[in-house]
Every structure is written in structure tokens, then in C-alpha cells.
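*Asks:* what follows is a protein structure lacking sequence information:
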């Protein structure tokens, strides 16, 4: 049975490879890509590019537009995220480096924007189609796995995202029972997000965006709802919350 896919944060490196791989899957009849940026040149015919500024009003308008389209979604990916932004936002190594405006920017990208999508998608994904809703988290968001410290804003924003995903999964289980929520750790991926910090990555642990996209699609391929959120790494292994 054919279905549709939704990729939010579609300009990121991994999102681009997800779109490419999904466009080659004959079971996916249409892919909707959402981004602040204008459409890429030469998009596959089955890709609809939607611009959204990620304000709540624009998110609501985008979901309303999607609701008018025929068919149901089997895959939703929320790929939004921020680790750094020029000299304005950098991961903190020491408490003295904490800056409130930087923290707000990181939380807006990593936590608040995905939460708004969860809010507006819950009424939209109430059909009979089984759907995986994957949000990009990170292993550093695990409270029990934190042995190194540092990166205060990024760690806290991902830990908060994990709590919101787990909490939302309780409500989704009641209101959108065929949706499985997944907090996904892609590993260190060769994209703009990680590029300034790749120097200390062990050999063989820096992944291509295409490899991560392939792994994620494989993980969610036959997933069915289990009644609670899953926190998984790129190997499909559970991460302690």
C-alpha cells in the first residue's frame, strides 16, 4: 500500500539524503519537505517543497495544508537542530561560557520547534496508517550517560526534547494510536552541524549523511507502535534516557 512521507528541517544534510532515498522507494507516493530555505533545484518529481519559518502560526498553516492533501503518512522525520551558529552560539566547555541568548537559540531549534510540530501533528496523524514519527535527538541528551559534562545548552536541550517525546508518546498512544514516536541519535555525521568538532572523532566513527539516512530508514521500516517512545541510536540499539 502506498503512503506519504514528511521531512521537516529538509535542508539539513541527513534530511537531504532521507529525501533522496525516500524518492527512490516506490511505496512512497509523495514526499513533503519542509524548510525555511527555498526549494532545491532539480528536486525529484514526487517531492513537494514547503517553506515554513517555524513560527507556531506557520507550522499550523503548513499542517493545515498537508491535511488537505489525499492519503496518509507512514513516515515523519523532524530533523531540526542546532549545535553552533558562527561566533554567536558555541557549545560551552565551562559554566562561565553560558550565555542566556545562546541557550534560548539552542532550545528554540532543538526543543521548542520540534514540540510545536508534535502539538500540531497529533490531530493530523489519527488515521489507520501506521506511522513512525522520528525526532533527531543525540546521545548527549541522555542524563544517565553523561560522564563528560560540558556542552550545557546542547545537552540540556536534547534531554528536554527526550522528556517531551516520552511525555507526548503517552498522549499520542491515546489520540493517535498508530503512531510510534522515536528519539533518534544519528551518531557523529559529516554535516555542517558537526564539522567544527570532527577533529577528535575516532576513526570509523564519522558517518556520511547517506549512511545515517539508510540506517534510520532501515530501523523504522517495519516498526509498529509499542505504546511508549523509543530512544535509539543509528544501530537501532536503545539508549538509556
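*Replies:* Everything's here; your move. Since we're looking at a predicted model, the values are computed, not measured. Numbers count the residues shown, from 1 in each chain.

*Asks:* ok, residue 225 - contacts?
*Replies:* Residue 225 makes contacts with 130, 173, 177, 178, 179, 180, as judged by Cβ atoms under 8 Å, 6 or more residues apart in numbering. Where you see a C-beta, it was placed from the backbone N, CA and C, and this is true even at glycine.

*Asks:* over to residue 166?
*Replies:* Contacts of residue 166 (Cβ under 8 Å, 6+ apart): 183, 228, 229, 231, 241.

*Asks:* so which of the residues you listed is the closest to residue 123?
*Replies:* residue 229 (18.7 Å; Cβ to Cβ).

*Asks:* separation between the nearest residue to that closest one once chain neighbours are set aside and residue 78?
*Replies:* Leaving out its chain neighbours, the residue that sits closest to residue 229 by Cβ to Cβ, 6 or more residues apart in numbering is residue 169, at 3.8 Å. The gap separating residue 169 from residue 78 is 14 Å, by Cβ to Cβ, to the nearest Å.

*Asks:* where's residue 133 relative to residue 77, distance?
*Replies:* Look at residue 133 and residue 77: by Cβ to Cβ, they are 8 Å apart.

*Asks:* can you give me the strands for the chain?
*Replies:* For the chain, strands defined by DSSP state E occupy the ranges 3-8, 28-35, 47-51, 73-78, 131-136, 179-185, 230-233.

*Asks:* show me how far the fifth one is from its chain's centre.
*Replies:* It refers to strand 131-136. Averaging C-alpha positions (Cα atoms, centre = their mean, to the nearest Å) puts strand 131-136 7 Å from its chain's average.

*Asks:* which residues sit against it?
*Replies:* Contacts of strand 131-136 (Cβ under 8 Å, 6+ apart): 9, 14, 72-81, 114, 118, 121, 125, 161, 165, 172, 176, 178-184, 186, 216, 220, 223.

*Asks:* what strands line up against it, and which way round?
*Replies:* Strand 131-136 has the following strand partners under DSSP bridges: strand 73-78 (parallel), strand 179-185 (parallel).

*Asks:* picking up where we left off before, what is the nearest of the contacts of residue 225 to residue 58?
*Replies:* Checking the contacts of residue 225 one by one against residue 58 (Cβ to Cβ), the nearest turns out to be residue 179, at 22.5 Å.

*Asks:* show the contacting residues for the closest one.
*Replies:* Contacts of residue 179 by Cβ under 8 Å, 6+ apart are 125, 130, 131, 132, 133, 172, 225.

*Asks:* apply 6 Å and report the result again.
*Replies:* 125, 131, 133, 172 (Cβ atoms under 6 Å, 6 or more residues apart in numbering).

*Asks:* go on, residue 2?
*Replies:* Applying Cβ under 6 Å, 6+ apart to residue 2 gives the contacts 27, 29.

*Asks:* for the residue of the chain most remote from its centre, list the residues it contacts.
*Replies:* What lies farthest from the middle of the chain is residue 96; by Cα atoms, centre = their mean that is 30.1 Å. Contacts for residue 96 (Cβ under 6 Å, 6+ apart) come out as none.
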